[in-house]
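Visitor: I'd like to go over a predicted model; first the sequence, then the structure.
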Amino acid sequence: MRTVGSRLALLAWVALATTMAPVAARADDAREAQARSHFAIGQGHYRLGEYDAAVESFQAGYRSKPLPLFLFNIAQAARKSGRYEMAMDYYVQYLEREPARTAPQRTEAESWVLKLRRAAAEGRLHGRGAGGKGAVKRTEADAKRSNKVPEEVVS
């Protein structure tokens, strides 16, 4: 037989759980709205060719709501900005975290990982590094080379 104290404790727990659920839902809604905002801003930067800014926006969106598609978008913007190692890392992260084997971006991500790895192995990958802290310093010879992935890699 339950005591009055255990019934009160149960009622208090139920009351607390039911009042906390809306608070958690509001927090999720806020994170969702923040992620959507960062995504929209990132898309705008991407369309304008502002790939570094797009990377930052997509990264902020991923921190708000860690959806695999943000990783794919970060990889795309990093690749377009010439940060090929970063792009490869984010493509790989996307492939590891995207549960749907039929996701439309999966095939493209797999293809870019292969192209970038092949170009790196053949010494044809001359990007601008990760940028910021720990960036690879470019030599004068690097500066003379194209900052783009060779055409056979890009296509």
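Guide: Done, it's in. Numbers count the residues shown, from 1 in each chain.
Visitor: only C-alpha atoms for contact and neighbour calcs from this point on.
Guide: Noted.
Visitor: Just the helices from this structure, written as ranges.
Guide: 4-47, 51-64, 68-80, 84-97, 104-121, 140-144, 151-154 (DSSP state H).
Visitor: Pick the most buried one from the ones you listed.
Guide: Stretch with highest mean neighbour count among the helices of the chain: helix 68-80 (a mean of 24; mean count of other Cα atoms under 10 Å).
Visitor: The closest residue to S37 other than its chain neighbours and M88: what is the separation?
Guide: In space, and not counting its chain neighbours, S37 is closest to G61: 7.7 Å by Cα to Cα, 6 or more residues apart in numbering. G61 is 19 Å from M88, where distance means Cα to Cα, to the nearest Å.
Visitor: for D29, same thing?
Guide: For D29 relative to M88 (Cα to Cα), the value is 31 Å.
Visitor: A33 now?
Guide: Taken as Cα to Cα, the span from A33 to M88 is 28 Å.
Visitor: any low-confidence regions in the protein?
Guide: Low-confidence segments of the chain (pLDDT under 70): 1-27, 129-155.
Visitor: and stretch 46-54, C-alpha only, in CSV?
Guide: The C-alpha coordinates for stretch 46-54 follow below in CSV (Å, rounded to 0.1, in the frame of the first residue of the first chain):
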residue,chain,number,x,y,z
TYR,A,46,26.4,31.2,-51.1
ARG,A,47,24.3,32.6,-54.0
LEU,A,48,26.4,35.8,-53.9
GLY,A,49,29.7,33.8,-54.0
GLU,A,50,30.6,34.8,-50.5
TYR,A,51,31.6,31.3,-49.6
ASP,A,52,33.6,32.0,-46.4
ALA,A,53,30.6,33.8,-45.0
ALA,A,54,28.4,30.9,-46.1
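Visitor: Sweet, I'm off.
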